[in-house]
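J.: no FASTA, just this:
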């Protein structure tokens, strides 16, 4: 017998039939003797609808009321799942974030979890054998007493944080894919599902474009050493043995639990990038601060940065990337600071993509990146910018070559082979 947190995303609870399917997954674990808490997202498309209603009501809406509206999607799902579970003869009760409580910061629409008191839920495990069905994505700010939401994908974060608070043995993330792959199988048909992946590798994959898990949820898993198991909610509940050592899926765990670490674990990519080049800046101390300071003040995240000598040999060029959603704001921010920066020209492009190669094994292997640069050059793929870390390197390329680059690198590092 163990204690599990099971999280189901929007596609898994998209309608009543799918909620009934989720209930069968929960029943399987309850029948196996596990104590279970379930975290649910809003039905697929519901959050987008609620956000659109807020925008339609007023483009400059109050963020506190926005949270009150969009948090209702998860409230509906948790209540419906509790009703279905009760119909199956399972003791179940729905919980909203404020009822537990899940205490958060007051940054509405992007709050961070500060503390979770799981005492009452754990007492009900013991006294009533009750399944807790928890609305994900939401909490309460203790100072204001207002409902808060954690940002898009926040139900993953809720689930891992709740698992840590309840001292669960594992947090199962049920989604519409059956695990974490070496890259997107829609781009590389030979992509393989990984049985296990280290927290660090998963964190890099998630932050560099892999859409399987929200970055913050992986961070929390790593901090609390909470194993996260990514699995499909569309596997038939009756076909899964709850006592199996590892059913189909991918276990995200500490590096020590992985017997053999590959040099490269996976390839991630993102087309949601934009490139900005500030040309012919006087090369003197403080120039970088005059560019990146205003961007930071505008809450614009800068990723790749390359500085080189301008064509005239006397000044410098500075190129960087920002999320595509911040592209226009970033250009306007730099243009408004032109007098202080003192540049001659501002160039920009949105037809770019970032491709990242990730693997903990890079720590102990030399020449991993140089192999990639050579392979890409042989395919006539031009690299606009490069960034590196201990277990990752990323290249910025023309968006038209994204799929070719991903396939080339996937084969280069032997990820096509089982």
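T.: Cool, got the structure. Bear in mind that the values here come from a model prediction, so they are computed numbers and not experimental data. Numbering: from 1, shown residues only.

J.: what bits of the stretch 301-418 of the chain have low per-residue confidence?
T.: Low-confidence segments of the stretch 301-418 of the chain (pLDDT under 70): 310, 418.

J.: ranges for the helices of it?
T.: Listed in chain order, the helices of the stretch 301-418 of the chain (DSSP state H, counting those that start in this stretch) span 327-336, 338-341, 368-378, 402-412.

J.: doesn't residue 144 fall inside a strand?
T.: No. Counting by DSSP: H, G, I helix; E, B strand; the rest coil, one finds residue 144 to be coil, located in no strand.

J.: Would you tell me which strand is longest in this structure?
T.: strand 266-282 (DSSP state E).

J.: For stretch 242-261, which outside residues touch it?
T.: 28-29, 31-32, 34, 172, 178-180, 193-200, 202, 213, 218, 221-222, 225, 227-232, 235, 240-241, 359-361 (CB atoms under 8 Å, 6 or more residues apart in numbering). Where you see a C-beta, it was placed from the backbone N, CA and C, and this is true even at glycine.

J.: Of those, keep whichever come out buried.
T.: Neighbour counting with 16 or more other CB atoms under 10 Å marks 28-29, 34, 172, 178-180, 194, 196-200, 202, 213, 218, 221-222, 227-232, 235, 240, 359-361 as buried within the contacts of stretch 242-261.

J.: now the angle from the worst-scoring helix or strand of the chain on mean pLDDT to strand 266-282?
T.: Sorting the helices and strands of the chain by mean pLDDT, DSSP states H and E puts strand 305-309 at the bottom, at a mean of 83. Put simply, strand 305-309 runs at 40 degrees to strand 266-282, going by axes from the mean of the first three to the mean of the last three CA atoms, to 10 degrees.

J.: Run me through the strand neighbours of strand 305-309, direction for each.
T.: Strand pairing for strand 305-309, determined by DSSP bridges: strand 315-323 (antiparallel).

J.: The strand it pairs with vs helix 327-336, what angle?
T.: Between strand 315-323 and helix 327-336, the angle comes out at 150 degrees (the same axes, to 10 degrees).

J.: Now do strand 315-323: distance to the chain's middle.
T.: Put simply, strand 315-323 sits 26 Å off its chain's centre (CA atoms, centre = their mean, to the nearest Å).

J.: Contacts for that strand, please.
T.: With contacts defined as CB under 8 Å, 6+ apart, strand 315-323 is touched by 272-283, 287-288, 291-292, 295, 300-310, 330, 344, 352, 354, 384-385, 396.

J.: just the strands in the stretch 1-150 of the chain please.
T.: With DSSP state E, counting those that start in this stretch, the ranges of strands along the stretch 1-150 of the chain come out as 3-8, 35-40, 92-95, 102-104, 113-116, 131-135, 138-140, 147-149.

J.: To residue 405, which of those lies closest?
T.: Nearest of the strands of the stretch 1-150 of the chain to residue 405, taken as CB to CB: strand 3-8 at 32.8 Å.

J.: for the stretch 1-150 of the chain, which spans come out with low pLDDT?
T.: Across the stretch 1-150 of the chain (using pLDDT under 70), the flagged ranges come out as 1.

J.: got the end-to-end distance for stretch 134-148?
T.: Using CA to CA, to the nearest Å, the gap from the first to the last residue of stretch 134-148 comes to 15 Å.

J.: list the buried ones in it?
T.: 134, 135, 136, 137, 138, 139, 140, 141, 146, 147, 148.

J.: Distance from that stretch to the middle of the chain?
T.: Computed by CA atoms, centre = their mean, the separation of stretch 134-148 from the middle of its chain amounts to 21 Å.
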